[in-house]
Structure formats: C-alpha cells, structure tokens
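In: No sequence on hand, only this structure:
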C-alpha cells in the first residue's frame, strides 16, 4: 500500500472536480509531513506514479511560496502540457548506428551503440592501483627498517 493512499482516497471521495488544499491540510490527511521536494519543486506533484493519478486527479497550480496545491480531476495539467512539448528534430540527440558484419560477410541490422561508463571504471581501477602501490611501498620500507 502506498503511503500516499489516504490522499488518493480523499480525492476519490471528493464531490467536485477541483480541490485547493494547503500543504498543512494535505499533511493532516496523510498523517505525516510532505517531503522537502514536494514543497520545493512542482515536478514531485506531476510524477505519474502518484496514487491519485489512478483516480483521474492531477496536481496543478502549485504555489510553493504560499503552500497550496490545486488538484483537478481529468484533463491535462499545465505540467502535462509542458512535458508533451517535443524538441525540434534538429535539437534531438543523434543516435549512433554501427554496422556489424557476420562471418559470411553479410551486414547485420544496425544496432544502436551502447555507451559504457568506462571513465568511472578506469578511474576506480587507477585509484585502486595507486593505493596498492602506496601500501606495497610502505610495507617494503617497514621491512627494510
């Protein structure tokens, strides 16, 4: 059960298609304080995984300074409209295509390249090698002394 289910249940039983509530009212329904991200960013409210979305409610008109949020039943929210805007093709990141040739010389279907996190791995290996070299020198000095 989601910890936000009490708010979802409250909205499911609400008679009208809109409910403006203060953060304090919402916390009273929930029985615990809202996370800091809910008080600071509108994106927390628009997360499609929130249980009130299952009942057709969306958070809209979020006033972080005043501490209010307006829930609306159905339709698209301002955040949903903003998320649906697509970048023009020219600014879309280009997908790299590589060609593989099998052992008979036939070209395999193009596959998108997979970016591997090589830099962090190399850095980790280099750090481990450096620490190992440091410890080895230290041990050799102690034996020599």
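Out: Here it is on my side, so go on. Source: prediction; values computed, not measured.

In: residue boundaries of the strands in the protein?
Out: Assigned by DSSP state E, the strands in the chain fall at 18-22, 57-63, 68-73, 97-98, 111-112.

In: Can you report the mean pLDDT over the residues of the longest helix belonging to the chain?
Out: When the chain is parsed with DSSP state H, its longest helix is helix 118-144. What helix 118-144 shows for mean pLDDT is 81.

In: likewise stretch 40-47?
Out: Throughout stretch 40-47, pLDDT has a mean value of 77.

In: Distance-wise, check residue 145 relative to residue 138.
Out: For residue 145, the distance to residue 138 equals 11 Å [Cβ to Cβ, to the nearest Å]. Quick note: C-beta positions are derived from backbone N, CA and C, even for glycine.

In: Among those two, which residue is more densely surrounded?
Out: It is residue 138, of residue 145 and residue 138, that has more neighbours when counted by other Cβ atoms under 10 Å, with 10 against 5.

In: quick one: low-confidence ranges for the protein?
Out: 1, 75-119 (pLDDT under 70).

In: Can you pull the domain assignment for it?
Out: What automatic domain parsing lists as the domains of the chain is 5-81, 116-144.
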